[in-house]
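K.L.:
okay, predicted coordinates and the sequence, questions at the end:
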Amino acid sequence: MPEKIALEITRYHPELDEAPRLQTFEVPLRKEWVLLDALNYIKDKLDGSLTFRWSCRMGICGSCGMMVNGEPKLTCAAFLSHYAPGPIRVEPLKHFPVLRDLVVDISDFLTKLSKSKPWIIRQEHKPLSEGEYLQTPEELEAYKQFSMCINCMLCYAACPVYGLDPLFSGPAALALAQRYNLDSRDQGASERLDILSQDDGIWGCTFVGECTEVCPKKVDPAGAIQQYKLAAAQEWVKALVLPSGGKGSR
Amino acid sequence: MGQSLGIALGGKGEQMNGPAEHPPKAFQQHLSTWWWLSSARYLKFMLRELSSVFVGWFVVVTLLQIRALNNGPAAYGEFEEWLKSPPLLVLNVISFLFVVFHAVTCST
């Protein structure tokens, strides 16, 4: 195994550069190092101005997502040895505005996430004295997979629909909406459906499926969106044929 | 150092100076027109989308066949001759390959 590996890293200084450019660094190729270790090595030893996001180093926080050789990856889970002999190209997540070097502006994602209301909505609340809302293992299993999302936005970088139509709600926001729709404690499906059953919501998805392929937590956002489409279609039929417009049946 | 990233970022890009949504001079990445050639999985998706056109063509051929059957032996003979013409043969071979591709990728 060679002793060093080259990293071609996107550099962009908003006050100096017209457009992003590549800068190559050589870092030690250590078997136990992930890409994030290499980026931290560069920042510590070679160029302190290199800017990137990271936090937990264990695939939980979702901060260190970047394009690695064109694929969206968590850099804390991408081993250097996997890409040997290199070079490895590291770029900011696709489709998002680049603020500096490898840091992208995530405001659009955060806006869309809050629009999908990813929290438990109750129409009626029971008093604390009655205890917590209990669930069976089956009820937990219904949404557990979708609750694994860490908001890393790799799915947005992989989704060409989001790249082509920035108004599209995107995979994670829709998957998280479906996660709460499937939660037995939630009563907000109707509120979410009114927002997300639009052209730029679930119907914007053309089922490319790349969001599911790149998801580091195996959430399957594409599956969640297709489930949501089915539920929305059922609600549309109910609204068409039932006197109450189907509202009472949700 | 300093190599342009034009191609890597999809061929196009622009600086955003507007105050509204992004901080000044955030670099907006744009998706290239040829994004679907950037990975085998994207290409497979686009080919499957394209295969729907050929599935539709087979439906049209079947409907024309039923109409010819309904119009009697002479009309059906003309229909068969039409199918044997070289352009139709080439089109139907290509259509068949796309329909097979459409079928085998149905569950993937």
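P.N.:
Looks like it arrived, so ask away. Numbers count the residues shown, from 1 in each chain, chains lettered A, B, ... in the order given.

K.L.:
is it true that B:Arg41 lies in a helix?
P.N.:
Yes. Counting by DSSP: H, G, I helix; E, B strand; the rest coil, B:Arg41 falls inside a helix.

K.L.:
enumerate every residue touching it.
P.N.:
Going by CB atoms under 8 Å, 6 or more residues apart in numbering or on different chains, B:Arg41 touches A:Gly209, A:Glu210, A:Glu213. Where you see a C-beta, it was placed from the backbone N, CA and C, and this is true even at glycine.

K.L.:
wait, the last one touches A:Ala158, no?
P.N.:
Going back to what we said before, that points to A:Glu213. Yes. A:Glu213 is within contact range of A:Ala158, at 6.9 Å (criterion: CB atoms under 8 Å).

K.L.:
and these two? which has more neighbours close in?
P.N.:
A:Ala158 (28 against 16; other CB atoms under 10 Å in any protein chain shown).

K.L.:
picking up where we left off before, including secondary structure and distance to A:Phe25, could the contacts of B:Arg41 go into TSV?
P.N.:
Output for the contacts of B:Arg41, formatted as TSV (DSSP: H, G, I helix; E, B strand; the rest coil; distance: CB to CB, whole Å):
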residue	secondary structure	distance to A:Phe25
A:Gly209	coil	34
A:Glu210	helix	29
A:Glu213	helix	29
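
K.L.:
what's the spacing between the residue nearest to the spatial centre of chain B and A:Glu91?
P.N.:
In chain B, the residue lying closest to the centroid (CA atoms, centre = their mean) is B:Leu50, at 2.4 Å. Computed as CB to CB, to the nearest Å, the B:Leu50 to A:Glu91 distance reads 29 Å.

K.L.:
and for A:Ala6?
P.N.:
Distance, A:Ala6 to A:Glu91, by CB to CB: 15 Å.

K.L.:
against which helices or strands is the helix or strand bottoming out on mean pLDDT in chain A packed?
P.N.:
In chain A, the helix or strand scored least confidently by mean pLDDT, DSSP states H and E is helix A:189-196, which has a mean of 88. Contact here means 3 or more CB pairs under 8 Å, 6 or more residues apart in numbering or on different chains; DSSP states H and E; on that basis helix A:189-196 packs against helix A:171-181, helix A:221-241.

K.L.:
by how many degrees do that helix and helix A:221-241 diverge?
P.N.:
100 degrees (axes from the mean of the first three to the mean of the last three CA atoms, to 10 degrees).

K.L.:
which residues sit against helix A:189-196?
P.N.:
Residues outside helix A:189-196 that contact it (CB under 8 Å, 6+ apart): A:115-117, A:121, A:169, A:174, A:177, A:180-181, A:201-202, A:228, A:231-232, A:235, A:247, A:250.

K.L.:
model confidence for the residue nearest the centre of chain A, exactly?
P.N.:
The residue lying closest to the centre of chain A (CA atoms, centre = their mean) is A:Met153, at 2.8 Å. Looking at A:Met153, its pLDDT is 97.

K.L.:
same check on A:Thr51?
P.N.:
96.

K.L.:
burial count for it?
P.N.:
Neighbours around A:Thr51, by other CB under 10 Å: 15.

K.L.:
try A:Phe109
P.N.:
21.

K.L.:
pLDDT weak spots in chain B?
P.N.:
By pLDDT under 70, the weakly predicted segments of chain B are B:1-24, B:107-108.

K.L.:
now do chain A
P.N.:
A:1-2, A:244-250.

K.L.:
alongside chain B, which residues does it contribute?
P.N.:
Neighbours of chain B within chain A, by CB under 8 Å from any CB of the partner chain: A:10, A:12, A:14-15, A:18-24, A:70-71, A:89, A:91-92, A:94-99, A:105, A:107-108, A:160, A:163-164, A:206, A:208-210, A:213.

K.L.:
so which of the residues you listed sit within strands?
P.N.:
Among those, the members falling in strands are A:Thr10, A:Arg21, A:Leu22, A:Gln23, A:Thr24, A:Glu71, A:Arg89, A:Glu91, A:Val98, A:Leu99 (criterion: DSSP state E).

K.L.:
so can I have a markdown table of those showing neighbour count?
P.N.:
Shown next, in a markdown table, are these (neighbours: other CB atoms under 10 Å in any protein chain shown):
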| residue | neighbour count |
| --- | --- |
| A:Thr10 | 23 |
| A:Arg21 | 18 |
| A:Leu22 | 19 |
| A:Gln23 | 17 |
| A:Thr24 | 13 |
| A:Glu71 | 16 |
| A:Arg89 | 20 |
| A:Glu91 | 24 |
| A:Val98 | 28 |
| A:Leu99 | 20 |
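
K.L.:
of those, which is the nearest to A:Lys218?
P.N.:
A:Glu71 (16.1 Å; CB to CB).

K.L.:
quick check: the closest one touching A:Val214?
P.N.:
Yes. At 6.8 Å, A:Glu71 and A:Val214 qualify as touching, with contact defined as CB under 8 Å.
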